[in-house]
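**Student:** here you go, sequence then predicted model.
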Amino acid sequence: MLLNGTRRTLSGMVLVLVVALLPLTGRAISVSTRFRSPRNPERKVRRSTELIVLHTTEAPARSSLNKLSDRGEAHFCVTEIGSIYQIVDRDREAFHAGRSMWQGREDVDKFSIGIECVGYHDKPMPQIQLLAIRDLVKELKRMYRIPDERVLCHSHVAYGSPNKWQRRRHRGRKRCGMLFAMPTVRRILELYAKPAFDADTRAGRLAVGDDYLRRVLYGGVDTMIGKYGNPAPAPAEHPVIAARAPPPPKPKPSAADGKKTASSATPVTIAQLQAKGFTVRGTVTKTVTASRIAGARWNSADTYYTIRGKVIPGTAVDAAHMETGMRVWMKK
Ligand SMILES: [Zn+2]
């Protein structure tokens with residue numbers, strides 16, 4: 001039950017008041033406080049912030065937001081259309097990690113920020129949602145000086161008590177957020193390092209309770225390969241930490257590789273698009289699709305989309321999650 005009486009719904013959510021997330025940055029991340037938790041005043045201010053923990057809600061947005069808000073179970077929630085909601089104030093403790101351990105320390109809520117992402121641990125998320133997660137994570141990393149390898153999945157830190165299937169305390173109680181360990185997804189999130197092993201199972205504090213999950217988190221299993229088109233290579237200024245993580249697989253050659261599309265030259269603002277000679281070719285609507293505007297090049301590296309001030313390369317969009325209002329940019 002909600003404390004404030006009326007049930008909040010997603011209807012009309014496009015009209016919600018948005019507030020600037022981080023006043024110091026002046027960046028274009030906007031966050032709604034519509035689902036701010038009534039639990040905020042009772043939550044302690046966190047002493048340290050060492051990890052960012054990514055979750056999957058395993059439920060649709062509406063029920064997820066209501067539940068998260070009622071219980072104060074995350075700092076942020078990112079929906080499948082890339083809207084960001086603040087649930088618990090970012091410097092307070094949110095109850096998101098449950099029974100958890102990381103490198104011998106329990107109760108991960110005490111030193112982490114939790115982001116719930118509407119979706120499922122083993123299903124691809126819309127590109128627009130991943131890009132919103134990327135922007136939010138990037139900002140939090142900068143604010144709290146958190147390196148890539150400390151942006152984790154809930155399943156990295158959750159553990160289970162002994163039960164009739166597992167005689168010991170074990171990693172593998174849940175697969176929450178598992179896809180965020182996969183190289184394909186991390187590349188979109190611009191995270192170029194991840195933990196190479198589980199210090200708690202290695203030290204014998206926990207047993208491995210789910211070998212498939214272990215292989216996803218540490219063994220390079222990646223069920224998202226091919227789900228997001230041709231991935232951009234990691235930029236040189238963010239080298240993969242070779243000693244800690246395997247190098248990302250080489251992108252498959254495609255027709256687009258014939259042309260030079262160096263990532264360093266990728267436009268990231270509308271002004272840069274214009275400076276490079278791109279012009280608007282049309283706007284996506286319910287009846288006008290991207291491929292109708294851009295033809296076969298709708299998802300190529302030399303086509304760009306803009307919405308809410310964001311520039312999205314054609315290689316990073318997928319047909320199922322196009323938004324009305326996206327502008328299509330191409331060169332003559
Ligand atoms: Zn979780």
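**Tutor:** Structure received.
**Student:** show me where the stretch 151-300 of the chain has strands.
**Tutor:** 151-153, 159-160, 170-171, 207-208, 278-283 (DSSP state E, counting those that start in this stretch).
**Student:** does the first one come close to the ion?
**Tutor:** This points to strand 151-153. No: judged by CB under 5 Å from the ion, strand 151-153 stays clear of the ion, getting no closer than 8.2 Å. For every residue, glycine as well, the C-beta is placed using N, CA and C.
**Student:** chain center to that strand: distance?
**Tutor:** The gap between where strand 151-153 is centred and where its chain is centred comes out at 10 Å by CA atoms, centre = their mean, to the nearest Å.
**Student:** out of the strands of the stretch 151-300 of the chain, indicate the one that is most buried.
**Tutor:** With neighbours taken as mean count of other CB atoms under 10 Å, the strands of the stretch 151-300 of the chain reach their highest mean count in strand 151-153, at a mean of 25.
**Student:** now do that one: everything it contacts.
**Tutor:** Residues outside strand 151-153 that contact it (CB atoms under 8 Å, 6 or more residues apart in numbering) are 51-55, 102, 137, 141, 176-181, 189, 191, 194-195, 217.
**Student:** report the rounded mean pLDDT for that strand.
**Tutor:** Taken as a whole, strand 151-153 carries a mean pLDDT of 98.
**Student:** just checking: what are the partner strands of that strand?
**Tutor:** strand 51-56 (parallel) (DSSP bridges).
**Student:** could you point out the helix or strand that follows the partner strand?
**Tutor:** Counting by DSSP states H and E, the next helix or strand C-terminal to strand 51-56 is helix 61-71.
**Student:** packing partners of that following helix?
**Tutor:** Applying 3 or more CB pairs under 8 Å, 6 or more residues apart in numbering; DSSP states H and E, we find helix 61-71 packed against strand 76-78.
**Student:** what element comes up after the strand it packs on heading to the C-terminus?
**Tutor:** Following strand 76-78 in sequence order, the next helix or strand is strand 84-86 (DSSP H and E).
**Student:** which helices and strands does that following strand pack with?
**Tutor:** Using 3+ CB pairs under 8 Å, 6+ apart, strand 84-86 sits against strand 30-32, strand 76-78.
**Student:** returning to that earlier point: could I get the strands of the stretch 151-300 of the chain as CSV with distance to Arg92?
**Tutor:** Putting those into CSV (distance: least, CB to CB, whole Å) gives the following:
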stretch, distance to Arg92
strand 151-153, 20
strand 159-160, 24
strand 170-171, 27
strand 207-208, 33
strand 278-283, 41
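**Student:** comparing these, which yields the minimum mean pLDDT?
**Tutor:** For those, mean pLDDT drops lowest on strand 278-283, to a mean of 90.
**Student:** strand partners of that strand, parallel vs antiparallel please.
**Tutor:** Strand pairing (DSSP bridges) places strand 278-283 next to strand 327-331 (antiparallel).
**Student:** quick check: mean pLDDT of the partner strand?
**Tutor:** 91.
**Student:** show me which residues of the stretch 51-200 of the chain sit near the ion.
**Tutor:** So the stretch 51-200 of the chain meets the ion at 55, 154, 176 (CB under 5 Å from the ion).
**Student:** could you dump the residues you listed into a markdown table with neighbour count added?
**Tutor:** Converted to a markdown table, these look like this (neighbours: other CB atoms under 10 Å):
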| residue | neighbour count |
| --- | --- |
| His55 | 27 |
| His154 | 27 |
| Cys176 | 24 |
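**Student:** got the contact list for Phe180?
**Tutor:** Residues counted as contacts of Phe180 (CB under 8 Å, 6+ apart) are 54, 117, 151-153, 186, 189.
**Student:** ok, back up a step: take the contacts of strand 151-153 and keep only those in helices.
**Tutor:** Counting by DSSP state H, these place 137, 141, 217 in helices.
**Student:** most neighbours, which of those?
**Tutor:** Within the ones in helices among the contacts of strand 151-153, most neighbours by other CB atoms under 10 Å means Leu217, with 25 neighbours.
**Student:** in space, what's closest to it - neighbours in sequence excluded?
**Tutor:** Leaving aside its sequence neighbours, Leu217 sits nearest to Ala181 (CB to CB, 6 or more residues apart in numbering; 4.8 Å).
**Student:** measure the one you found to the ion for me?
**Tutor:** 13 Å (CB to the ion, to the nearest Å).
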